[in-house]
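Asker: Requesting a structural model of the entry that follows:
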Amino acid sequence: MPVGYVDNTVDSLATTSVSASSEGNPLVSVIVPCYNGAAFLEETLLSALAQSYSEIEVVVVDDGSTDSSPEIARRFPVRYIRQENRGLCEARNAGIRESKGSYLVFLDADDRLKPRAIEVGLRALALRPDCAMTVGDHVFITADGAYLANSTKECPAHSHYEALLKSNFIEMIASVLFRRSIFNEVGGFNARLLVAEDYELYLRIARARPICCHGEIVAEYRKHKANTSRNSELMLTSTLQVLNGQAKYVGNDSGRLIAFREGIRSWRKQYGRQLASELARSNSTLRISHLMRKLLRLVNYYPQGLLMLILLRIMPTLSWRSMMAYFHHPVQAVANRVDTALHRKSAS
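Answerer: A predicted model of the protein is given here:
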């Protein structure tokens, strides 16, 4: 497991039998929302059907695909449900309604499960009947399915709601095994959100019930050009919207208040820097109205990003790592480097 990841379930997780649960061998539903996911859907379904735990159903919710996703899904022993295009949240909520399992996994149509994902998750929850969900680890893979990197997620031993106020330490929804009963209690995914819908759900769950973690790698997150997380502006505004919605639950609790404020700063910095980098690379190709809107977002949420934007425009070959180093240097050191770059530019 990655350095720093905390396994706080129990040491005996690997040897505990799933059948120790009072439910015996319960049915687990793997819900796969899909919209034009033909490029990776076959791999995704193969990974879901290759689980070491056999009592599963795979439910594909086709959210109005116009590619070959329906034909691919129908080649596999899955439940196929088609609806008009209503978005990711509505597709997942349809999967909740139509599935029959006592436990749920949400697997996006471009990601993969590891073979023991469900087995390990069930063992973790058997040991913690008070928990609404359990969180495992994940790795990143390339578009062609090759290993890319470990995650850097760290699961805290306690105060999970406060930890989620600081950041979405869960990161990948397929690394979570949910008890179905929690959705009866807190509801499904918020269909008003285009992104950060999983983060909002985790916050609701963590306010209501304990959650637990284990350190085994259970899923593979595929990095490719169509990842929603690449939309910096949308991620910035939506994530802050979700977090600001927690203000009424923070109240005067000092621990929650500190975590809340830290989370606001962290999300602004993360997606503000990403937005600055995006603008530096693409502002010449954007329509003026889009460019102005994105610049205003940057000014409102992360004004420090304007300096990053200027530096990246002046020195387009500057690496992201070097840029982060600049942001830890004194302002004068940055100014000196900018002056040098401008002098070279005028001399050429």
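Asker: from what I can see residue 233 touches residue 274, true?
Answerer: No - between residue 233 and residue 274 there is no contact under C-beta atoms under 8 Å: 9.3 Å. For every residue, glycine as well, the C-beta is placed using N, CA and C.
Asker: right, and the helix or strand after the lengthiest helix in the chain?
Answerer: Longest helix in the chain, counting residues (DSSP state H): helix 254-282. As assigned by DSSP states H and E, the chain's next helix or strand after helix 254-282 is helix 288-301.
Asker: any residues touching that following helix, and which ones?
Answerer: 233, 236-237, 240, 268, 271-272, 275-276, 278-279, 283, 286, 305-306, 309 (C-beta atoms under 8 Å, 6 or more residues apart in numbering).
Asker: just curious, which of these is nearest to residue 39?
Answerer: residue 278 (23.2 Å; C-beta to C-beta).
Asker: And the closest one, how close does it get to residue 119?
Answerer: Counting by C-beta to C-beta, to the nearest Å, the separation of residue 278 from residue 119 is 40 Å.
Asker: one step back: need the worst-confidence member of the contacts of helix 288-301.
Answerer: Within the set of those, pLDDT is lowest for residue 283 (60).
Asker: got the contact list for stretch 39-57?
Answerer: Contacts of stretch 39-57 with the rest of the structure, by C-beta under 8 Å, 6+ apart, involve 18, 25-30, 32, 34, 37, 58, 60, 69, 72-73, 75-79, 99-101, 107-119, 122, 145, 220, 222.
Asker: Sort out for me which of those residues are in strands.
Answerer: With DSSP state E as the criterion, strands contain 28-30, 32, 34, 58, 60, 79, 112-113, 220, 222 from among the contacts of stretch 39-57.
Asker: Tabulate the residues you listed in CSV, adding columns for distance to residue 301.
Answerer: As requested, these are arranged in CSV below (distance: C-beta to C-beta, whole Å):
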residue, distance to residue 301
28, 40
29, 38
30, 36
32, 34
34, 32
58, 40
60, 37
79, 42
112, 34
113, 35
220, 32
222, 28
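Asker: between these, which is nearest residue 127?
Answerer: Checking these against residue 127 with C-beta to C-beta, the nearest one is residue 28 at 16.6 Å.
Asker: That closest one reaches residue 106, doesn't it?
Answerer: No - if you go by C-beta under 8 Å, residue 28 and residue 106 don't touch, sitting 11.8 Å apart.
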